[in-house]
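Student: For reference, the sequence and a predicted model appear below.
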Amino acid sequence: MLNPIEFPWWRSLLARRDQINELLSWAATIDQADAVIVAGDMNATPLWPLYRRLNQKWDDLVLTLEDGSQNKPDPTWGLRPGWPRMLRIDHVFGTGIQPLATTVERLTGSDHSALLVELKLHPKP
């Protein structure tokens, strides 16, 4: 998703709204009985409306592990490469899938860390 603080900010807001609407329109066309994964740099923490709209449609697969325990996700983004990570703005959403484990790994030269999620597909009925 587009950076929300890109100048001018109102254009970013409109573009982000269009991006999320397009993604949700696509989701309405697919068979929800199938497993679905939506992952990437959403440029939104769980406090942002964009995140909440995605989380209404799909589960945040980083939060709940297979054993039902709550996972405290690590932040994935920092201001500069090599700086401490401050916010979790990279996400993995889905349905029909069970997360087994999650990790966040530093990437040399990037202001984002890699978000790794080990997944297990639910068998179809």
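Tutor: That came through, no problem.
Student: which helices and strands does the helix or strand of the chain with the lowest mean pLDDT pack with?
Tutor: The helix or strand of the chain with the poorest confidence is helix 9-28; it has a mean of 84 (mean pLDDT, DSSP states H and E). Helix 9-28 sits against strand 36-41, helix 49-57, with contacts defined as 3 or more CB pairs under 8 Å, 6 or more residues apart in numbering; DSSP states H and E. Backbone N, C-alpha and C define where each C-beta goes, glycine included.
Student: Quick one: closest of those to R17.
Tutor: For the helices and strands packed on helix 9-28, the distance to R17 is smallest for helix 49-57, at 8.4 Å, taking CB to CB.
Student: Tell me which residues are up against the next helix or strand after that closest one.
Tutor: Going down the chain from helix 49-57, the next helix or strand is strand 59-60, by DSSP states H and E. The contact list for strand 59-60 (CB atoms under 8 Å, 6 or more residues apart in numbering) reads 46, 91-95.
Student: Stretch 35-54 now?
Tutor: Against stretch 35-54 from outside (CB under 8 Å, 6+ apart): 1-4, 16, 20, 23-24, 27, 30, 55, 58, 60-61, 87-97, 112, 115, 117, 119, 121-122.
Student: Tell me the buried residues in the least confident helix or strand of the chain?
Tutor: 12, 16, 20, 23 (16 or more other CB atoms under 10 Å).
Student: how about the residue nearest in space to the middle of the chain, phi and psi?
Tutor: In the chain, the centroid-proximal residue (CA atoms, centre = their mean) is H91; its distance is 1.8 Å. For H91, the backbone dihedrals (degrees, to the nearest 10) come out as phi -140, psi 160.
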